[in-house]
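Peer 1: The sequence isn't on hand, but the structure is:
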């Protein structure tokens, strides 16, 4: 009933930029907080950034000043602008919605996208 589709990943050199997108589709009435998470090989999934439906953001210390998350509520889409990428940013990046209110009058919680690979390497 609700799907998240990420795009924009790829292979880049250190210092480059990428912009990830995550579009939510389905019979959506309202989405609360959306977040970007990442998981590197052998490591636990970690929060990169999140944004509420009112636009308040929260960034991980490791990406402060380099990554910016934004949101277009009309399109049910979030973006992650990643600048000054480092090899340690290499991971699969996942989009998440904490809760969504559907037009069918039901809640859906903790929805995840399929992930998009970001590789930073020279």
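Peer 2: Ah, there it is. What you see is a predicted model; the values in this text were computed from it and never measured.

Peer 1: other SSEs contacting the one helix or strand in the chain whose mean pLDDT sits lowest?
Peer 2: Least confident helix or strand, the chain: strand 28-31 with a mean of 91, by mean pLDDT, DSSP states H and E. Packing contacts for strand 28-31, counted by 3 or more Cβ pairs under 8 Å, 6 or more residues apart in numbering; DSSP states H and E, involve strand 91-102. (Each C-beta comes from the backbone N, C-alpha and C, glycine too.)

Peer 1: taking the mean pLDDT, what do you get for the strand it packs on?
Peer 2: The average of the pLDDT scores along strand 91-102 is 96.

Peer 1: Direction included, what does it pair against?
Peer 2: In the sheet, strand 91-102 lines up against strand 28-31 (antiparallel), strand 34-39 (antiparallel), strand 107-112 (antiparallel), strand 116-120 (antiparallel) (DSSP bridges).

Peer 1: still on that earlier bit, check what contacts the least confident helix or strand of the chain and list those residues.
Peer 2: Residues outside strand 28-31 that contact it (Cβ atoms under 8 Å, 6 or more residues apart in numbering) are 2, 24, 53, 73, 76, 97, 99-103.

Peer 1: Pipe the residues you listed into JSON lines and attach neighbour count per row.
Peer 2: Shown next, in JSON lines, are the contacts of strand 28-31 (neighbours: other Cβ atoms under 10 Å):
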{"residue": "2", "neighbour count": "15"}
{"residue": "24", "neighbour count": "20"}
{"residue": "53", "neighbour count": "12"}
{"residue": "73", "neighbour count": "13"}
{"residue": "76", "neighbour count": "20"}
{"residue": "97", "neighbour count": "23"}
{"residue": "99", "neighbour count": "13"}
{"residue": "100", "neighbour count": "24"}
{"residue": "101", "neighbour count": "14"}
{"residue": "102", "neighbour count": "15"}
{"residue": "103", "neighbour count": "11"}
